[in-house]
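**Q** the following block contains a protein sequence and its predicted model.
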Amino acid sequence: MEPGEQLIGDLGAEIGTESATETSMGALGPKPDLIIVFMAIATSLTMSFTTELIGWLVVYRHDSFKKQVAEVTTLQERVEAMQEKMQYSIGTLAVNQQKAKRRQLEVQEEELRAKQSGIMVTKSRGTLLAGVFMMVCMGMLNSWFQGTVAARLPFLPWGMFQGVTHYGIESSDMTLCSITFIFVLSQMSLG
């Protein structure tokens with residue numbers, strides 16, 4: 001080995017040690033790690049797909065839900081047809097016939113509202129399970145990445161947003177952004 005090669009190798013080891021230290025604690029404080037940001041986005045994608053899967057398993061794949069949707073679609077078409085028919089026949093029908101048609105329309109609309117509320121109750125089960133799943137995952141994400149800087153914001157966030165952007169970071173520098181904020185932004189964009 002030549003002395004120059006040994007010197008370059010030693011210099012590389014020193015540079016590697018310094019850069020590792022500088023990456024975690026730079027001259028201006030902790031620096032964001034791009035891999036962590038990608039992990040947050042990947043976790044967000046995975047959780048979004050999982051919540052959709054929960055909704056499909058709990059609600060959308062069942063024949064009873066499909067039957068309810070078909071009934072609501074049929075009722076909506078019937079109500080729209082009745083409304084259109086009433087508009088065109090207002091002047092041609094007697095007062096009693098108009099009242100009877102209006103009453104039939106009200107009964108159909110009431111039935112439609114009842115069917116729609118049944119669908120909403122069915123959907124709420126899936127929504128509730130997805131919400132519980134998201135809360136558990138947020139807790140796990142916060143415990144895994146507690147105090148990890150994910151990004152540095154180029155501005156100082158407004159006071160009410162500082163709690164979200166700086167969640168779990170012990171530094172007083174409010175331009176540091178936590179993994180929780182990146183995750184919330186990812187979830188909102190996928191939402």
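**A** Thanks, I have the structure now.
**Q** A100: which element?
**A** helix 95-144 (DSSP states H and E).
**Q** which elements pack onto that helix?
**A** helix 34-55, helix 63-88, helix 179-190 (3 or more CB pairs under 8 Å, 6 or more residues apart in numbering; DSSP states H and E). The way it works is simple: take the backbone N, C-alpha and C, and place the C-beta from them, glycine included.
**Q** okay, now the unreliable bits of this structure?
**A** 1-33, 191 (pLDDT under 70).
**Q** related to what we said a few turns ago, any idea which of the helices and strands packed on helix 95-144 gets closest to K101?
**A** helix 63-88 (5.5 Å; CB to CB).
**Q** so the closest one versus helix 95-144, what angle?
**A** Orientation check (axes from the mean of the first three to the mean of the last three CA atoms, to 10 degrees): helix 63-88 against helix 95-144 gives 140 degrees.
**Q** show me what counts as buried in helix 63-88.
**A** For helix 63-88, the neighbour count (16 or more other CB atoms under 10 Å) marks 65, 68, 71-72, 75, 79, 82 as buried.
**Q** any chance of those residues in a markdown table with distance to R113 as columns?
**A** Shown next, in a markdown table, are these (distance: CB to CB, whole Å):
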| residue | distance to R113 |
| --- | --- |
| F65 | 18 |
| Q68 | 13 |
| E71 | 13 |
| V72 | 10 |
| L75 | 10 |
| V79 | 10 |
| M82 | 15 |
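**Q** closest one of the residues you listed to M188?
**A** F65 (27.2 Å).
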